[in-house]
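K.L.:
What follows is a protein structure lacking sequence information:
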């Protein structure tokens, strides 16, 4: 399964980066191949200063070795070895009318010291972070997520949508990071379902990503915007940074397993503002967004 899924994310990375380069029309992804000292490596691809994408990364990695003590405690296990692979992407468009997007699809195995697999699971999801709320965009994104889920289990969408709203919650701000999507983790084989079933589900979600996001980019990328709207985008990006550095499990896992710092922090936008005690005008489009972030909605 680990070889099968790694091959899948290699191909998906190629498909996503080539599609995004065509949309941008100016910038191309810079590729960075790297090796991890403790085992494994990856292929980082970053796009910067494009006509559409100000900063973005689409990374794949496969790392293995002894599980660090901090992660042994987190998983409540003893001295074990692990394998983890996945694709992680974040795109920060230049135009504040185009939402930031994040997605991640990953696979994890754990072994005893005799090399026997003692645990395995999939995780991942995709979520949207707009700066200005276009309700039809939110409906489109969630509709594609729902369809991918319904092809496997009618209960998945509501379950994983709820988990996404709960996970991407900036507790210190009491607001959501964005308008959500899907978030699932610890998808393990049981008596009812096999690891192959989970592979089929996760890859269907991965395959749906471009259909969920690209039409929104195409529709909004050429809209006009003001300096004030750009300022708002940068202020909201600050909240994105706060979540990633304070709450995000993927970031913390990377830091605690001696991960590659450039790849871990590629999710951070290049231009961000923190304005003291900032409050938008009552009745504004900015307030409209905040009300949704304070109370996550059902979009489909």
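P.N.:
Right, received. Where do you want to start? Fair warning: this is a prediction, and the values are worked out from it, not measured in the lab.
K.L.:
and residue 131, how far is that from residue 197?
P.N.:
Distance of residue 131 to residue 197, given as CB to CB, to the nearest Å: 37 Å. Bear in mind the C-beta positions are built from the backbone N, C-alpha and C, glycine included.
K.L.:
out of the two, which sits in the busier spot?
P.N.:
Between residue 131 and residue 197, residue 131 has the larger neighbour count (other CB atoms under 10 Å), namely 24 against 16.
K.L.:
how about that one, what does it touch?
P.N.:
Residue 131 sits next to 96, 97, 99, 100, 229, 232, 233, 236, 289 when contact means CB atoms under 8 Å, 6 or more residues apart in numbering.
K.L.:
Any stretches of the stretch 151-300 of the chain with poor pLDDT?
P.N.:
Scanning the stretch 151-300 of the chain for pLDDT under 70 picks out nothing.
K.L.:
So which residues of it form helices?
P.N.:
Assigned by DSSP state H, counting those that start in this stretch, the stretch 151-300 of the chain shows helices spanning 156-167, 195-220, 227-246, 249-256, 261-264, 285-294.
K.L.:
Switch the ones you listed over to JSON lines; also include distance to residue 183.
P.N.:
Below are these laid out as JSON lines (distance: least, CB to CB, whole Å):
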{"stretch": "helix 156-167", "distance to residue 183": "4"}
{"stretch": "helix 195-220", "distance to residue 183": "11"}
{"stretch": "helix 227-246", "distance to residue 183": "13"}
{"stretch": "helix 249-256", "distance to residue 183": "10"}
{"stretch": "helix 261-264", "distance to residue 183": "19"}
{"stretch": "helix 285-294", "distance to residue 183": "16"}
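K.L.:
between those, which gets nearest to residue 8?
P.N.:
helix 195-220 (5.7 Å; CB to CB).
K.L.:
Buried residues, the closest one. List them.
P.N.:
The neighbour-count check on helix 195-220 (16 or more other CB atoms under 10 Å) flags 195, 197-199, 201-203, 205-206, 208-210, 212-214, 216-217, 220 as buried.
K.L.:
Stretch 59-73 too?
P.N.:
Residues 59, 60, 61, 62, 63, 64, 65, 67, 71 are the ones in stretch 59-73 that count as buried (16+ other CB under 10 Å).
K.L.:
before we move on, what about stretch 11-23?
P.N.:
12, 13, 16, 17, 20, 21, 23.
K.L.:
what sits against the closest residue to residue 213 other than its chain neighbours?
P.N.:
Once flanking residues are discounted, residue 213 sits nearest to residue 101: 5.1 Å by CB to CB, 6 or more residues apart in numbering. Shown in contact with residue 101 (CB under 8 Å, 6+ apart): 89, 90, 91, 126, 127, 128, 129, 213.
K.L.:
hmm, try it at 7 Å
P.N.:
The contact partners of residue 101, by CB atoms under 7 Å, 6 or more residues apart in numbering, come to 91, 128, 213.
K.L.:
got the contact list for the helix or strand containing the second one?
P.N.:
Meaning residue 128. Per DSSP states H and E: residue 128 is located in strand 117-129. Applying CB under 7 Å, 6+ apart, the external contacts of strand 117-129 come out as 80, 99-112, 141, 145, 160, 164, 168, 177-188, 195, 198-199, 202, 205, 209, 212, 240.
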